[in-house]
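**Student:** Everything below, folded, please.
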Amino acid sequence: MVSLDPFRDTHEGVTIGAEPWTTASRYKEKFPKKSPFAGGVVAIHVRVQNDNDQGIKINLGRIRLLVQIDEENRQELEPLTADDVADTVLLKDNGKDPTARRNPLPIPVGKPRPGRDANWTAMRDACQNAGIPSTVIGAHSFVEGLVYFNLRGEVELLQSAHLYLPSLTTMGNNQPISYFDIRLGKDAAI
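**Tutor:** Below is the predicted model of the structure:
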């Protein structure tokens with residue numbers, strides 16, 4: 001497979017390519033009204049190519065963006081859900097620490113959060129539609145889509161960042177596939 005993504009890792013019959021979207025113009029097609037980038041969120045286009053004779057599964061929630069803040073400060077950022085992106089961009093949630101763990105509880109039942117209007121729903125839906133559509137990649141096929149991280153507009157952090165994908169397994173026998181660690185800086189391009 002020839003990857004169009006500038007950064008990639010290949011082993012065990014799987015190739016994962018990544019392309020950080022670091023300019024506002026890159027988001028225009030998928031987000032014609034309001035872009036996640038305008039709210040400090042960076043999307044990374046990820047393509048997972050499976051050249052094996054059996055399917056594989058990927059745990060999207062275990063993906064991490066490893067960023068080097070300074071010499072002694074390395075952070076692991078969790079991917080944002082479509083709801084998280086819409087909250088961050090439209091509800092001015094940019095001041096949150098992107099490295100803080102999110103506690104999923106309590107979940108309000110029956111009542112939408114304040115500010116979650118039609119614009120919020122449109123943003124969330126656009127993020128879901130542009131995201132990776134499946135956690136299962138069939139034999140000799142691929143999936144691709146966006147994974148979102150709140151960098152609070154600090155795109156320069158990507159110069160020393162790594163995209164880490166630790167949880168891939170084969171279908172049927174649940175054999176783990178070695179982790180993927182994709183360096184995203186300019187000097188990492190092949």
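**Student:** Quick one: the strands in this protein, in order.
**Tutor:** 7-11, 14-21, 41-50, 56-58, 64-70, 73-77, 136-137, 141-150, 162-165, 168-170, 176-177, 180-183 (DSSP state E).
**Student:** which neighbours does the fifth one have in its sheet, and in what orientation?
**Tutor:** This means strand 64-70. According to DSSP bridges, strand 64-70 has the following sheet partners: strand 73-77 (antiparallel), strand 162-165 (antiparallel).
**Student:** how far away is the closest residue to Ser134 other than its chain neighbours from Val136?
**Tutor:** What sits nearest to Ser134 in space, not counting adjacent residues and going by Cβ to Cβ, 6 or more residues apart in numbering, is Val143, at 5.3 Å. Bear in mind the C-beta positions are built from the backbone N, C-alpha and C, glycine included. Counting by Cβ to Cβ, to the nearest Å, the gap between Val143 and Val136 amounts to 8 Å.
**Student:** Which one of these two is surrounded by more residues?
**Tutor:** Using other Cβ atoms under 10 Å, the more surrounded residue of Val143 and Val136 is Val143, with 17 against 13.
**Student:** So in terms of bridging, what pairs with the residue nearest in space to the middle of the chain?
**Tutor:** Computing the C-alpha centroid of the chain and ranking residues by Cα atoms, centre = their mean puts Val147 first, at 1.8 Å. The residues listed as beta-bridge partners of Val147 by DSSP bridges are Ile44.
**Student:** That one: what's it in contact with?
**Tutor:** With contacts defined as Cβ atoms under 8 Å, 6 or more residues apart in numbering, the neighbours of Val147 are Ala43, Ile44, Val46, Leu60, Ile63, Pro79, Gly131, Ile132, Leu163.
**Student:** so which pair among those residues is furthest apart in space?
**Tutor:** The largest separation in the contacts of Val147, counting by Cβ to Cβ, is between Gly131 and Leu163 at 15.0 Å.
**Student:** who has more neighbours, those two?
**Tutor:** Between Gly131 and Leu163, counted using other Cβ under 10 Å, Leu163 has the larger neighbour count: 24 against 19.
**Student:** Alright, I will stop here.
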